[in-house]
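Colleague: one predicted model, sequence on top.
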Amino acid sequence: MKNLKIAIQKSGRLNEKSVQLLKNCGLDFENYKSSLITIVSNFNLEILFLRDDDIPDYVEQGIADLGIVGENVIDESLAKVDYLQRLGFGKCTLKLAVPKDSNFNDIKDLDGKSIATSYPNILGKFLKDKQISAEIHPISGSVEIAPGLGLSEAICDIVSTGGTLKNNGLKPFADVSTSEAILIGRAGLAENPILCELLQRIQSVLRAKETKYVVLNVEKTNLPQITELLQGVKSPTIVPLAEEGWVAVHTVIPEEDFWGKINTLKSAGAQGIVVMPIEKIIL
Ligand code: PRT
Ligand code: ZN
């Protein structure tokens, strides 16, 4: 079978997590920082290491079949590619920000103003949808210094912690879009058996990340309450303990509101709770 090619970021914020995801899928490859391409020894896949900005176009043109890249980069590129899977890392928000002493309260206040950004296409569409007429200054990199230099009155940039905005005397005042890393594919690839196998592996890794394996001890008299709380989980495993009248319950718990659920289980009589990470969940 012909190998598929997947493009991932060569270095930068998405590189490590993209490599880790592929390794967690059981793919065996050398992660040479200096090479452009590496071959997976135990799967029909080659990995191309590229600048993130090039990935959507390479996938659209079929130079790579698949890619892992931020949604912001895909949307800005205008490339026509299929969104195959959200990957849950590289989360950030494209925000509008202004100097902290400006009295911008509403996006309508941007009318007639100038905005510096590395995302002119996304911002242009956003302003058009909101019927705001502002002047967009496309600049690449260090957008946050534009107001200080007198280049623009506002900026539109990626924010994760907000520290960069703060350090540059800016305050965010509206969200344009949110983003996370996405697996994209070239058009017409959906039925490809290598892709189907890879997607199944990726989904099993993602599912495992969203849940924890939990073992807890409980007195038999409290068991109905505990199993009631675990409703929704497909039949927990119940094992008798050496101590008369006690059982161990094995189950999986969603990561969402994890501590809330653990505390409720404790109040219902759960003791000696052991929590373990799950590597994969294959349905
Ligand atoms: O070299 P190459 O072109 O491949 O990489 P790059 O420098 O263009 O991108 P990189 O590695 O910085 O980011 C890759 C992707 O990570 C982005 O396209 C986003 O999808 C995602 N991502 C997540 C971020 C951030 N968080 C982020 N905080 N991308 C950029 N930033 C920058 C932001 O532009 C700002 O300068 O970090 C600064 C703000 O961070 P905070 O934490 O201070 O808010
Ligand atoms: Zn880039």
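Modeller: Thanks, I have it. Ligands and ions are numbered 1, 2, ... in the order given.
Colleague: distance check, the residue of the chain most remote from its centre against ligand 2.
Modeller: Going by Cα atoms, centre = their mean, the residue of the chain most distant from its centre is residue 244, 46.6 Å out. Here residue 244 is placed at a distance of 63 Å from ligand 2 (Cβ to the ion, to the nearest Å). The C-beta positions use only the backbone N, C-alpha and C, and glycine is treated the same way.
Colleague: what residues does that residue make contact with?
Modeller: Listed by Cβ atoms under 8 Å, 6 or more residues apart in numbering, residue 244 has no contact partners.
Colleague: quick one: mean pLDDT for stretch 59-66?
Modeller: Averaging pLDDT along stretch 59-66 gives 98.
Colleague: show me the contact partners of that stretch.
Modeller: Contact with stretch 59-66 is made by 4-7, 48, 50, 55, 58, 67, 79-81, 84, 183-187, 189, 192, 195, 198, as judged by Cβ under 8 Å, 6+ apart.
Colleague: rerun at 6 Å
Modeller: Stretch 59-66 has contacts (Cβ atoms under 6 Å, 6 or more residues apart in numbering) with 4-7, 48, 58, 67, 79-81, 184-186, 189.
Colleague: what would those look like in JSON lines with distance to ligand 1?
Modeller: Formatted as JSON lines, the contacts of stretch 59-66 follow (distance: Cβ to the nearest ligand atom, whole Å):
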{"residue": "4", "distance to ligand 1": "21"}
{"residue": "5", "distance to ligand 1": "17"}
{"residue": "6", "distance to ligand 1": "15"}
{"residue": "7", "distance to ligand 1": "11"}
{"residue": "48", "distance to ligand 1": "12"}
{"residue": "58", "distance to ligand 1": "12"}
{"residue": "67", "distance to ligand 1": "12"}
{"residue": "79", "distance to ligand 1": "14"}
{"residue": "80", "distance to ligand 1": "19"}
{"residue": "81", "distance to ligand 1": "15"}
{"residue": "184", "distance to ligand 1": "13"}
{"residue": "185", "distance to ligand 1": "18"}
{"residue": "186", "distance to ligand 1": "20"}
{"residue": "189", "distance to ligand 1": "22"}
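Colleague: can you redo the residues you listed as CSV with distance to residue 128?
Modeller: Shown next, in CSV, are the contacts of stretch 59-66 (distance: Cβ to Cβ, whole Å):
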residue, distance to residue 128
4, 37
5, 35
6, 34
7, 30
48, 34
58, 28
67, 27
79, 20
80, 20
81, 23
184, 25
185, 29
186, 28
189, 31
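Colleague: counting neighbours, what do you get for residue 153?
Modeller: As a burial measure, residue 153 scores 21 neighbours (other Cβ atoms under 10 Å).
Colleague: that one: what's it in contact with?
Modeller: The contact partners of residue 153, taken as Cβ under 6 Å, 6+ apart, are 113-114.
Colleague: which bits of the stretch 51-200 of the chain sit near ligand 2?
Modeller: Residues of the stretch 51-200 of the chain lying near ligand 2 by Cβ under 5 Å from the ion: 52-53.
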